[in-house]
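**Student:** Predicted model and sequence below, questions to follow.
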Amino acid sequence: MAAMAAADHPRILLHRFLSLELCKELEFVHRSCCSVGYRPSVFSTTLSHLIATNCAHLILPFLPIRERIKEKVEELFGCEFELFVEFTGLISWCRGACIGWHHDDNRPYLKQRDFAVMDGERLTLTLWFTRNSAHDEDAKLMALLSQAAENYKFDKRECYLPSPASDNMYWFSHDQSGFDIRCARVHLLGYSFCSTSDVKCTTSASSNDSLELLNEPLRLGRGDEIFVKEFVNSLHALQVLQFYYWKAPELEKSRRETAGDMESSRSSILRKSSDMELKLPCNHELAETILGAIYYKEPETIFDWDGLSAAVAGWENYSTKLRRDLSSFMPYWLSNETIFYVNPLELQICKE
């Protein structure tokens, strides 16, 4: 009956299947970690990419969603315990992109169905399922996790710091112009990447050389001020910044409650000179056209550097907790040869 229902109604709408907070968390992961996608105007965040950039802990929000969707698909098609997840990823299509499925000779079920995004950025959680265990995503992910096992030991200091992929994975190219995704997302929020010293920054003779600065320590600038915090690279800065915009209401409430105990925001900033901003080959006008600045509205709070300082601590606590969970889950994944969400309460009972 379920199979017949699926044939009669090929699209199933599950209202409020994901909470708004979980959607915002996935948006945070994508906007702070994504790379260029498989076709023009498409950006993607895959689980394998997160592992490869030392952000394996950020796969954890995906796990309960994968399991819930898989169970629902098996129920719908009457194939309980028969499916494997072949692919999990966040895909966003931006202005001018065609959305749909490519035809694949190896996977004939993928037909060409295209439609266009008229404005902004459309973010979609995409999962592919298969009955063929040879295409099981978990086996590939477990191999990647095992290769990088040393990085997932919680006793390593600041083991949650991201490590960028190659620069070309962040470069969006369009009509002989382009922009680096990391630069674009920072710029659309009103910030810039700046040097960690007052040494004059000049445009390199090679665009590739100048983009390499994004893999070095840097600071965030806004207007004529620079945040004193030094970030290990651009991904580190971008994750903190995106975390700030995700958690702005909570951070603002916490800031008001502890306002009397906090130092003045003046101690968190430096004066900025034009020579301190990194000169990078990024077409900001193109970035605004493609990504749509309307999706990067200011939080409903008045910006101050204290809020960003609070975001640094909040992001570290968030990342530390996920790293701790990842370290706890790994033995269960290895013994079961599959990746799944482990309820913290059940985990505690098992340990006792």
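**Tutor:** Yes, it's here. Numbering: from 1, shown residues only.

**Student:** in what helix or strand does Leu220 lie?
**Tutor:** strand 219-222 (DSSP states H and E).

**Student:** any chance you could map the strands in the stretch 251-352 of the chain?
**Tutor:** 269-271 (DSSP state E, counting those that start in this stretch).

**Student:** Send me stretch 52-61 as CSV with only the CA atoms.
**Tutor:** Extracted C-alpha coordinates of stretch 52-61, given in CSV (Å, rounded to 0.1, in the frame of the first residue of the first chain):
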residue,chain,number,x,y,z
ALA,A,52,38.7,16.7,5.2
THR,A,53,38.7,20.3,6.6
ASN,A,54,39.0,19.2,10.2
CYS,A,55,35.3,19.9,10.9
ALA,A,56,34.2,16.3,11.4
HIS,A,57,32.4,17.4,14.5
LEU,A,58,30.0,19.3,12.3
ILE,A,59,28.6,16.1,10.8
LEU,A,60,26.8,15.4,14.0
PRO,A,61,23.8,17.7,13.4
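
**Student:** heads up, I number from 683, so please use that
**Tutor:** Fine by me, first position is 683 from now on; the one you just mentioned is stretch 734-743.

**Student:** Return the set of buried residues in it.
**Tutor:** For stretch 734-743, burial by neighbour count (16 or more other Cβ atoms under 10 Å) applies to 734-742. To be clear about C-beta, it is placed using only N, CA and C from the backbone, and glycine gets the same treatment.

**Student:** export these to JSON lines and tack on pLDDT?
**Tutor:** Listed next are the buried residues of stretch 734-743 as JSON lines, based on pLDDT from 0 to 100:
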{"residue": "Ala734", "pLDDT": "94"}
{"residue": "Thr735", "pLDDT": "95"}
{"residue": "Asn736", "pLDDT": "93"}
{"residue": "Cys737", "pLDDT": "95"}
{"residue": "Ala738", "pLDDT": "94"}
{"residue": "His739", "pLDDT": "95"}
{"residue": "Leu740", "pLDDT": "97"}
{"residue": "Ile741", "pLDDT": "97"}
{"residue": "Leu742", "pLDDT": "97"}
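
**Student:** Okay, now the unreliable bits of the stretch 733-882 of the chain?
**Tutor:** Along the stretch 733-882 of the chain, the parts satisfying pLDDT under 70 run over 777-799, 801-802, 831-840, 880-882.

**Student:** mind listing the strands for the stretch 783-932 of the chain?
**Tutor:** Counting by DSSP E, counting those that start in this stretch, the strands of the stretch 783-932 of the chain are 797-798, 803-812, 853-856, 859-862, 874-876, 901-904, 907-909.

**Student:** hmm, who's touching stretch 991-1005?
**Tutor:** With Cβ atoms under 8 Å, 6 or more residues apart in numbering as the test, stretch 991-1005 has contacts from 739-740, 742, 834, 836, 841-842, 911, 921-923, 925-926, 929, 932-933, 936-937, 947, 950.

**Student:** now, of the strands of the stretch 783-932 of the chain, which is deepest in the fold?
**Tutor:** Most buried of the strands of the stretch 783-932 of the chain by mean neighbour count (mean count of other Cβ atoms under 10 Å) is strand 874-876; its value is a mean of 24.
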